[in-house]
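A.B. asks: Okay, predicted coordinates and the sequence, questions at the end:
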Amino acid sequence: MALEIIRLSEKAKQQLITLKKRTGIENWNILCRWALCVSLAEKTVPPHEDIITDSNIEMTWKTFTGEYSEAYLAIIKQRIYQDYGSLASDINPDYFVKLHLHRGVSYLLNRVESIDSLCNLI
């Protein structure tokens, strides 16, 4: 399972700009990590949709995950197995991460008004 580049839609970029202002967190990758984790914590499978990654925000998997690349990959594999019952090659991990990341950004936008409210999500 190879994940190399994380890309965001223009909508997600605008939502992240708002979250950066609300929280004071300057780095896209930090907010994106939170977004992914918030979505993965939800029991439901994100709806399948065609997300067009048309913004100028992209980052390598290494930048996105930092030193915890293996941990994030294990969590993603576990969730794919939980949702689909296998780690079959027909399940695209890039698409899976994209769905969860974009759902998570929307969740954060609706739930986070400050750094304190972000911390309270934990």
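C.D. replies: Happy to help now that I have it.
A.B. asks: List the buried residues for the worst-scoring helix or strand of the chain on mean pLDDT?
C.D. replies: The helix or strand of the chain with the poorest confidence is helix 69-84; it has a mean of 89 (mean pLDDT, DSSP states H and E). By 16 or more other C-beta atoms under 10 Å, the buried positions in helix 69-84 come out as Tyr72, Leu73, Ile76, Arg79, Ile80. C-beta: built from backbone N, CA, C; applies to glycine.
A.B. asks: Check stretch 103-114 too.
C.D. replies: Arg103, Gly104, Val105, Ser106, Tyr107, Leu108, Leu109, Val112.
A.B. asks: Please tell me I have it right and the fourth one contacts Leu16.
C.D. replies: No - here Ser106 lies out of contact with Leu16, judged by C-beta atoms under 8 Å, at a distance of 10.7 Å.
A.B. asks: Tell me which residue lies nearest the centroid of the chain.
C.D. replies: Leu101 (2.4 Å; C-alpha atoms, centre = their mean).
A.B. asks: List the contacts of it.
C.D. replies: Neighbouring residues of Leu101 by C-beta atoms under 8 Å, 6 or more residues apart in numbering: Ile6, Leu8, Ala12, Cys32, Ala35, Leu36, Ser39.
A.B. asks: can you give me the helices in this structure?
C.D. replies: Taking DSSP state H as the criterion, the chain carries its helices at 10-23, 28-41, 61-65, 69-84, 93-111, 115-120.
A.B. asks: residue ranges with poor pLDDT in this structure?
C.D. replies: Applying pLDDT under 70 to the chain flags residues 1-2, 88-91.
A.B. asks: re earlier: so can I have JSON lines of the buried residues of stretch 103-114 showing distance to Phe64?
C.D. replies: As requested, these are arranged in JSON lines below (distance: C-beta to C-beta, whole Å):
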{"residue": "Arg103", "distance to Phe64": "16"}
{"residue": "Gly104", "distance to Phe64": "13"}
{"residue": "Val105", "distance to Phe64": "13"}
{"residue": "Ser106", "distance to Phe64": "18"}
{"residue": "Tyr107", "distance to Phe64": "18"}
{"residue": "Leu108", "distance to Phe64": "16"}
{"residue": "Leu109", "distance to Phe64": "19"}
{"residue": "Val112", "distance to Phe64": "19"}
